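>>> what shape does this take:
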Amino acid sequence: MIRVGQGDRSAMDTLVERHHHRLYRFAYRLCRDEDTASDIVAVSLIRAFNSAPSFRGEARFTTWMYRVVVNAFLDYRKKASIRVAVSLDDESKFGPEGRALHLVDPSASPQTHAESSVRGQRIHAAIARLPEYQKVAIVMFHIEGMSYEEMAVALDLPIGTIKSRLNRARQTLADLLSRERSLFYLS
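Numbers count the residues shown, from 1 in each chain. Below is the predicted model:
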């Protein structure tokens, strides 16, 4: 990390190779979109390289990177709330050479849907509806397996706050799943 702080690109490349997949999985679990997760990780790695000289080494590199990814995710969410959606119907369906464009459906294949459990889908949908700070707590602790201490360092919060947020997130998640179950049985 010291070499990265001194601007050594090969040292940064080594760190990226070692941690990219884990950071991507984390970002994907926060946003549930492959392209967005890639963008968040790319922005995070650029931010990490630019701020590497200020890395004090008080936490592990991965813990520090989780914080960078969380901040990039929150910045993305702020920007996404003010974006204007453009319909594909408004765009030309032909490329620059007059050839028809073939749009790829980004949704999972039917086989993937068939293999997914209903329970997992409901849980992920409920996590997606959590406020960002609760979603981050659930993903970091339950999915990424981070300890309270690692989360506290990554989010720059006291451990008591981490435990409180995680508890509130679990309660909110339980309430969402309970409401969904009762609506299912009423229909």
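
>>> SS state for residue 146?
Here residue 146 is coil, with the state taken from DSSP: H, G, I helix; E, B strand; the rest coil.

>>> packing partners of the helix or strand containing residue 19?
Assignment of secondary structure by DSSP states H and E places residue 19 within helix 9-31. Judged by 3 or more CB pairs under 8 Å, 6 or more residues apart in numbering; DSSP states H and E, helix 9-31 is in contact with helix 2-5, helix 34-51, helix 61-80. Heads up, the C-betas are built off the backbone N, CA and C, glycines and all.

>>> now these as TSV including mean pLDDT and distance to residue 156?
Rendered in TSV, the data for these read as follows (pLDDT from 0 to 100; distance: least, CB to CB, whole Å):
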stretch	mean pLDDT	distance to residue 156
helix 2-5	57	19
helix 34-51	88	14
helix 61-80	86	7
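
>>> now what about the helix holding residue 19, what contacts it?
1, 3-4, 34, 36-38, 40-41, 44-45, 49, 52, 61-62, 65-66, 69-70, 72-73, 76, 135-136, 139-140, 143-144 (CB atoms under 8 Å, 6 or more residues apart in numbering).

>>> could you dump the helices and strands packed on helix 9-31 to JSON lines with distance to residue 164 and mean neighbour count?
JSON lines is the format used below for the helices and strands packed on helix 9-31 (distance: least, CB to CB, whole Å; neighbours: other CB atoms under 10 Å):
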{"stretch": "helix 2-5", "distance to residue 164": "34", "mean neighbour count": "16"}
{"stretch": "helix 34-51", "distance to residue 164": "26", "mean neighbour count": "17"}
{"stretch": "helix 61-80", "distance to residue 164": "17", "mean neighbour count": "18"}
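
>>> looking at those, which is nearest to residue 180?
Residue 180 sits nearest to helix 61-80 of all those, at 23.1 Å, using CB to CB.

>>> can I see the domain layout of the chain?
When the chain is parsed into structural domains using automatic domain parsing, the resulting residue ranges are 1-81, 117-187.

>>> could you tell me the least trusted of those domains?
Of all the domains of the chain, mean pLDDT reaches its minimum on domain 1-81 (a mean of 82).

>>> any idea how far that domain is from the chain center?
Relative to the centre of its chain, domain 1-81 is centred 11 Å away, using CA atoms, centre = their mean, to the nearest Å.

>>> hang on, the earlier thing: could the helices and strands packed on helix 9-31 be laid out in CSV, adding distance to residue 155?
Written out in CSV, the entries for these read as follows (distance: least, CB to CB, whole Å):
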stretch, distance to residue 155
helix 2-5, 22
helix 34-51, 15
helix 61-80, 6
